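> with the sequence up front, the predicted model follows.
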Amino acid sequence: MTVQTALAPRSIFHGWFVVAAAFAVMFVGFGSAYTFSAFLEPLQRDFGASRGSISLVFSIAGFLYFALGLVSGPLADRLGSRPLAVAGMILVAVGLAAASAAHSLVEVYLAYGLGVGVGVGCAYVPAIGAVQRWFVRRRGFASGLAVSGIGLGTLAMPPLASLLIASVGWRGAYLALGAITLILGGGLSLLIENDPKDRGLGPDGDPIRDVSGATSSDGASVREAVRSTRFAGLYVSCLVCSFGAFVPFVHLVPYARDHGVAASSAVLLLGMIGAGSTAGRFFLGALADRMGRDRSLIMVLIGMAFAMAIWAVAKEVWALAAFAFVYGVFYGGWVAVLPSVVMDYFGGRNVSGIIGILYTSVAFGTLIGPSAAGFVYDVNHSYTLPILLSAAANIVAALIVVAIVARGGTHAVSAATR
């Protein structure tokens, strides 16, 4: 080896490009989805619909983008994550463009609900599953960095949507968001690759010969994973948690408006969730690598319950902002830590497929929770009951994970069928 070769700069590990691509997919996909609260009032006004029926638009989209991981995850394990991520971004863009031309609420259901729902469903699980394979030592940090795109999308996109609605109307706003999704999300998703071995590397950029322990090709089969008690516990925990997890994304802005907060300030509360979510995904993801990822999962679930308790008594804008930020931190930690826990428990061989099946639990909670909160409001003109039930659900979800941890250690690839 010559001195010149020895001193040659080391190229950037491609895993970080995969993280950047997944970040972009999350940013525009979920960022566009979570602008929905900014559209709720103009849609309700133009179509003369109740708050519950408008909320159902988001619930349909949310159900689809989590439920379709059941299909897109296994397809990504077989065909690769890149084509699914690219197709997903195209579908989101088409759905938003179609929503801009809708002339009835049913057309909004079909355009936004199916377009955004199916599009994010195609892209989300394959993108986050690909990230898991590229890292071991820094998996929690890398996963948190990737899904921080959801947090920053929630921070940036709703205020942008609000400005667009004010300037070009809700139809023009949907069209502009579709263009952003196609250019940014569709373009950067081309960087996604499934496995570092395709580049002659192991996880974290280590030479394959230096990689010890489980690799991205090791782990449980999908059948072994879903029949395990650990998977059953995670599934029920996610199902219970998700009944309330997405209620703030739909109802925080109208809640604030009901309590006299100006529209311009109310929409910024979603940005506060995004800011907290970004911090939570970034820092709690890294912290989880040190303190144990499944134990971190317990912590973030309890934190979400604590934040909901703040919301139950918050009336002033400063208190709502405090809730939004605190909730965002722990919600972001939940989203960041959960895929890494799956990888720890079941290995990388079928990680996208296993995550996809797990996220069907979140799909059912997302379908029911936000729309149910809207219909409860239509009946009694109060969000107190949905908020308190959401807090209780997070405590129950945390207790289920406590039971999982009590049954065995963190690294459970070899014991997946327990």
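Received it, and whenever you're ready, just let me know what you need.

> in the helix or strand hosting residue 401, which residues are buried?
Using DSSP states H and E, residue 401 falls within helix 384-407. Buried residues in helix 384-407, counting neighbours by 16 or more other CB atoms under 10 Å, are found at 386-387, 389-391, 393-395, 397-398, 400-402, 404-405. Quick note: C-beta positions are derived from backbone N, CA and C, even for glycine.

> cool, stretch 89-102 as well?
Residues of stretch 89-102 classed as buried: 89-100, 102 (neighbour count, 16+ other CB under 10 Å).

> now do stretch 156-168
Neighbour counts over stretch 156-168 (16+ other CB under 10 Å) mark 156, 157, 158, 159, 160, 161, 162, 164, 165 as buried.

> number of nearby residues for the nearest residue to the second one once chain neighbours are set aside?
What sits nearest to residue 157 in space, not counting adjacent residues and going by CB to CB, 6 or more residues apart in numbering, is residue 31, at 3.5 Å. Applying other CB atoms under 10 Å, we find 27 residues neighbouring residue 31.

> I figured residue 31 hits residue 148, correct?
No. Between residue 31 and residue 148 there is no contact under CB atoms under 8 Å: 11.7 Å.

> overlap of the contact sets of those two?
Shared contacts of residue 31 and residue 148 (CB atoms under 8 Å, 6 or more residues apart in numbering): none.

> residue 286 and residue 398: what is the separation?
Distance of residue 286 to residue 398, computed by CB to CB, to the nearest Å: 21 Å.

> ugh, typo on my part, it should be residue 222
For residue 222, the distance to residue 398 - CB to CB - is 26 Å.

> okay, helices next: where are they in the stretch 201-350 of the chain?
222-226, 229-245, 247-258, 263-279, 285-291, 293-313, 317-346 (DSSP state H, counting those that start in this stretch).

> ok, now which ones touch residue 397?
Here residue 397 is in contact with 237, 238, 240, 241, 301 (criterion: CB under 8 Å, 6+ apart).

> hmm, I was thinking of residue 49
With CB under 8 Å, 6+ apart, residue 49 has these contacts: 43, 105.

> quick check, it in a strand?
No. Counting by DSSP: H, G, I helix; E, B strand; the rest coil, residue 49 is not found in a strand; it is coil.

> where does it fall, phi/psi-wise?
phi -110, psi 160 (degrees, to the nearest 10).

> model confidence score at it, please.
Listed pLDDT for residue 49 reads 77.

> how many other residues sit next to residue 279?
Residues near residue 279, counting by other CB under 10 Å, number 17.

> what's the answer for the one 10 residues further on, then?
Per other CB under 10 Å, the neighbour tally for residue 289 reads 21.

> any weak-confidence spans in the stretch 1-150 of the chain?
1-10 (pLDDT under 70).

> all helices for it, in order.
Here the stretch 1-150 of the chain has its helices, by DSSP H, counting those that start in this stretch, at 3-6, 14-33, 36-47, 51-67, 69-79, 81-100, 105-108, 117-133, 139-180.

> any idea of the angle the second one forms with helix 117-133?
Think helix 14-33. Computed with axes from the mean of the first three to the mean of the last three CA atoms, to 10 degrees, the direction of helix 14-33 lies at 160 degrees from that of helix 117-133.
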